[in-house]
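Peer 1: what shape does this take:
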Amino acid sequence: MNAAFFDNHMHTPLCKHATGTPLEYAKAALDAGLRGVTFTDHMPMPAWYDADWRMRRDQLDTYVAMVREAQEAFRGRLDVRLGLEADFHPGTERWLEEVLSAHPWDYVIGSVHYIGAWGFDNPEFKDEYDRRDLDSLYRHYYVLVEGAARSGFFDAVGHLDLPKKFGHRDTNGSAALRALDTVATMDVALDFNTAGWRKDVAEAYPAPNLVLEAAARNIPFVLGSDAHRPEEVGHRFEDARASLSEAGAAIVTFRGRERQHG
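Peer 2: Have a look, this model is predicted:
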């Protein structure tokens with residue numbers, strides 16, 4: 001694997017649906033020939049929000065300590081960075097400010113996992129798609145994505161077209177293009193997330209047509225496997241690089257919330 005690669009989307013057991021310690025993820029990255037990793041576990045949210053799928057607020061310092069331990073253990077061999085995957089959910093902005101000010105993060109992904117009270121990417125609730133109009137669903141979803149981009153909280157938008165996860169594709173596309181216009185205007189990057197290749201839809205996030213549209217708007221991409229197990233680190237990164245290169249898209253990383261090329 002190309003030694004220039006960073007995996008910038010990785011989780012830990014603190015989120016309650018991942019296995020393997022940060023040390024194991026870092027070792028997997030080193031074995032795969034990566035240059036570095038950024039841990040981006042699901043940030044704590046208010047107790048009423050998605051509590052079964054993320055760390056608690058009182059575990060945030062533990063998470064940071066786990067990543068710092070990996071930094072020290074792999075110093076000089078692997079560049080280990082500290083990040084979060086944060087949720088954009090209207091009404092929780094003050095909570096976001098508090099958590100994001102608690103530690104010096106390198107990279108913060110802004111993801112939309114909920115439309116109202118529906119966790120649309122949760123396999124337990126995927127039958128709700130049968131009750132929804134897909135055009136309306138995607139319009140509502142991309143309004144939230146635009147809100148995330150405008151919020152100023154995030155360095156990149158996570159898995160841009162996530163509602164396709166179980167195979168429910170956006171057949172209209174106009175809301176996605178408006179969202180990309182907003183992402184470009186706000187100078188936010190996009191998560192190129194290879195986990196989609198492991199899901200029912202069998203396609204990375206975002207879809208190839210959206211990668212082309214993003215590249216045309218000079219929106220850069222941040223590579224991430226969305227690994228929830230050490231063996232998923234760097235998943236299909238060569239394919240990701242080929243897709244982005246073909247589209248003419250730039251690949252970036254973040255350190256200290258500052259964008260870095262390469």
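
Peer 1: do you know how far the most centrally placed residue in the chain is from A189?
Peer 2: Nearest to the geometric centre of the chain sits G158, at 3.7 Å (C-alpha atoms, centre = their mean). Relative to A189, G158 is positioned 10 Å away (C-beta to C-beta, to the nearest Å). (Glycine included, C-beta is placed from N, CA and C.)

Peer 1: quick check: buried residues in stretch 255-262?
Peer 2: Buried residues in stretch 255-262, counted by 16 or more other C-beta atoms under 10 Å: R259.

Peer 1: rewinding a little: quick check: phi and psi at the residue nearest to the residue nearest to the centre of the chain when sequence neighbours are not counted.
Peer 2: Counting by C-beta to C-beta, 6 or more residues apart in numbering, G158 lies nearest to S111, which is 3.4 Å off, once chain neighbours are set aside. Main-chain torsions, S111, degrees, to the nearest 10: phi -120, psi 150.

Peer 1: wait, doesn't S111 sit right on V157?
Peer 2: Yes - with contacts counted by C-beta atoms under 8 Å, S111 reaches V157, the gap being 7.4 Å.

Peer 1: what touches both of these two?
Peer 2: Common contacts of S111 and V157, defined by C-beta atoms under 8 Å, 6 or more residues apart in numbering, comprise A148, D191.

Peer 1: residue at max distance from the center of this protein?
Peer 2: Max radial position in the chain (C-alpha atoms, centre = their mean) goes to R131, at 27.1 Å.

Peer 1: run through the helices of the stretch 1-150 of the chain in chain order.
Peer 2: Taking DSSP state H, counting those that start in this stretch as the test, the helices found in the stretch 1-150 of the chain are 22-31, 60-73, 93-100, 134-151.

Peer 1: where do the strands of the stretch 101-250 of the chain begin and end?
Peer 2: 107-111, 114-115, 118-119, 156-157, 189-193, 221-224 (DSSP state E, counting those that start in this stretch).

Peer 1: Y63 is nearest to which of those?
Peer 2: When these are compared by C-beta to C-beta, strand 107-111 sits nearest Y63, at 13.6 Å.

Peer 1: tell me the contacts of E203?
Peer 2: Contacts of E203 (C-beta under 8 Å, 6+ apart): K164, G196, W197.

Peer 1: now the end-to-end length of stretch 100-117.
Peer 2: 23 Å (C-alpha to C-alpha, to the nearest Å).

Peer 1: in that stretch, which residues are buried?
Peer 2: Buried-residue list, stretch 100-117, by 16+ other C-beta under 10 Å: L100, W105, D106, Y107, V108, I109, G110, S111, V112, H113, Y114, I115.

Peer 1: now swap in stretch 179-192 and tell me
Peer 2: A179, L180, T182, V183, A184, M186, V188, A189, L190, D191, F192.

Peer 1: what is the nearest of the residues you listed to H11?
Peer 2: D191 (13.4 Å).

Peer 1: so for the lengthiest strand in the chain, mean pLDDT?
Peer 2: In the chain, taking DSSP state E as the definition, the longest strand is strand 79-87. Average pLDDT, strand 79-87: 98.

Peer 1: cool, stretch 229-238 as well?
Peer 2: On average, stretch 229-238 scores 98.

Peer 1: stretch 33-49 now?
Peer 2: On average, stretch 33-49 scores 97.

Peer 1: low-confidence ranges, the stretch 151-262 of the chain, go.
Peer 2: 262 (pLDDT under 70).

Peer 1: next one: A70 relative to E24, how far apart?
Peer 2: A70 is 9 Å from E24, by C-beta to C-beta.

Peer 1: no, scratch that, I was asking about R178
Peer 2: R178 is 41 Å from E24, by C-beta to C-beta.

Peer 1: counting neighbours, what do you get for E97?
Peer 2: 11 (other C-beta atoms under 10 Å).

Peer 1: wait, what's in contact with it?
Peer 2: Counted by C-beta under 8 Å, 6+ apart, E97 has contacts F153.

Peer 1: now do it, the pLDDT please.
Peer 2: 97.

Peer 1: do A4 as well
Peer 2: 74.
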